[in-house]
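Asker: sequence first, then the predicted structure:
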Amino acid sequence: MKSQSDIDTELGRLGTLLPGLIAELPADKVLEAFAEEARTLTEQVPDEQRAYVTHRINCLLAAAGLIPGETEGEPCPTGV
């Protein structure tokens, strides 16, 4: 994943996948399953995009109630 478009497309896919994981899996397995789904993105993201990807993933997880709220005081974008 090198282009911003590819990264945003994958983040969108992860965002749409998350509600299904929550519905289908026990609560203690959701983060593990999500991490596995996100692995391709998180392992292949360019260094200059790493903070962006981490922030967006944290926002997805916070919005789903899986982790505490917004990271580092930065607001999560709406419609993610």
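Answerer: Alright, I've got the coordinates.

Asker: in this structure, where is pLDDT below threshold?
Answerer: Along the chain, the model assigns pLDDT under 70 to residues 1, 70-74, 77-80.

Asker: which parts of the longest helix anywhere in it are buried?
Answerer: Criterion DSSP state H: the longest helix present in the chain is helix 4-24. Across helix 4-24, burial judged by 16 or more other CB atoms under 10 Å covers 7, 10-11, 14-15, 18, 21. In this view, the C-beta of every residue, glycine as well, is placed from N, C-alpha and C.

Asker: what's it packed up against?
Answerer: Applying 3 or more CB pairs under 8 Å, 6 or more residues apart in numbering; DSSP states H and E, one finds that helix 4-24 contacts helix 27-44, helix 50-63.

Asker: max pairwise distance over the buried residues of helix 4-24: which two?
Answerer: Farthest apart among those by CB to CB are I7 and L21. That separation is 20.3 Å.

Asker: quick one on the thing from earlier: tabulate the helices and strands packed on helix 4-24 (JSON lines), appending distance to G69 and mean neighbour count.
Answerer: Output for these, formatted as JSON lines (distance: least, CB to CB, whole Å; neighbours: other CB atoms under 10 Å):
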{"stretch": "helix 27-44", "distance to G69": "16", "mean neighbour count": "14"}
{"stretch": "helix 50-63", "distance to G69": "5", "mean neighbour count": "17"}
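
Asker: S3 is nearest to which of these?
Answerer: Per CB to CB, nearest to S3 of the helices and strands packed on helix 4-24: helix 27-44, 11.6 Å.

Asker: centroid-nearest residue for this structure?
Answerer: I57 (2.6 Å; CA atoms, centre = their mean).

Asker: for that one, which non-adjacent residue is closest in space?
Answerer: Closest residue in space to I57, ignoring its immediate chain neighbours: A38 at 6.2 Å, by CB to CB, 6 or more residues apart in numbering.

Asker: from L61, how far out is the one you found?
Answerer: 10 Å (CB to CB, to the nearest Å).

Asker: cool, F34 as well?
Answerer: From F34 to L61 the distance is 7 Å (CB to CB).
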